[in-house]
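*Asks:* Predicted coordinates and the sequence they were generated for:
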Amino acid sequence: MKRFSILLTMFLLILAGSAAAQEERELTKAEKKALQERIDSLQHAEAVEAINKKAFTLEADRVVFKYGQTAYVTSNTNFVSVLDDKATVQVAFNIPISGLNGLGGVTVDGSFSKYDLHKDKKGNVTLSINVMGTGISARVDITLYAGSNEASVDILPNFSSNRLTLNGVILPLHKSQVFKGRSL
């Protein structure tokens, strides 16, 4: 009798476990798509709020050079950051040479002027600032694409034609995980 009650208890536990497993169903393709769109929408709203507060970082995972060559880079060492009236631009490539910032690239800090923010018909948000400081005098154009936190930034130096484009995501400053190198 004791053996029968143990087997019955085990059987009931297995039956209860399979019933619980059947309740957890796999999401359909449409439900997954709707969930992803909602997450993207929330990230977009968070990025717009950070831009409006002047406290954000664009973490770039891809760099496009003047003639279209592309390099994939790490997002925690390649960024454009804005806080109040200061801006930081850092690029660091995955090379064995330490570079000016100790990371294989350049880090420049400066203050910015002309915080020009626009939103177009499609919902894309464009920000243009002029950054001036030691080692940098450039116009920085940031475009946040509608419906997500993906963005691109064009860095246009005032005294040369060495245009640089960074592609990545915009995050509020408190969520950013960047590592700043030695600045000029």
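*Replies:* Yes, it's here. Residues are numbered from 1 along each chain as shown.

*Asks:* Confirm residue 148 sits in a helix?
*Replies:* No - the assignment for residue 148 by DSSP: H, G, I helix; E, B strand; the rest coil gives coil, which leaves it out of any helix.

*Asks:* Can you list the buried residues in the lengthiest strand in the chain?
*Replies:* Longest strand in the chain by number of residues (criterion: DSSP state E): strand 105-119. Neighbour counts over strand 105-119 (16 or more other Cβ atoms under 10 Å) mark 105-110, 112 as buried. Glycine gets a C-beta too; all of them are placed from N, C-alpha and C.

*Asks:* Tell me the one among these nearest to residue 55.
*Replies:* residue 112 (13.2 Å; Cβ to Cβ).

*Asks:* Model confidence score at the nearest residue to that closest one once chain neighbours are set aside, please.
*Replies:* The shortest distance from residue 112 to any non-neighbouring residue, by Cβ to Cβ, 6 or more residues apart in numbering, is to residue 129 (4.2 Å). If you check residue 129, the pLDDT there is 93.

*Asks:* what's around residue 129, how many residues?
*Replies:* Residues contacting residue 129 under the criterion other Cβ atoms under 10 Å number 21.

*Asks:* any idea where the strands of this protein begin and end?
*Replies:* Under DSSP E, the chain gives strands at 55-64, 70-72, 79-83, 86-92, 105-119, 125-133, 136-144, 150-157, 164-172.

*Asks:* The third one - which strands sit beside it in the sheet, and in what orientation?
*Replies:* Strand partners for strand 79-83, identified by DSSP bridges, are recorded as strand 55-64 (antiparallel), strand 86-92 (antiparallel).
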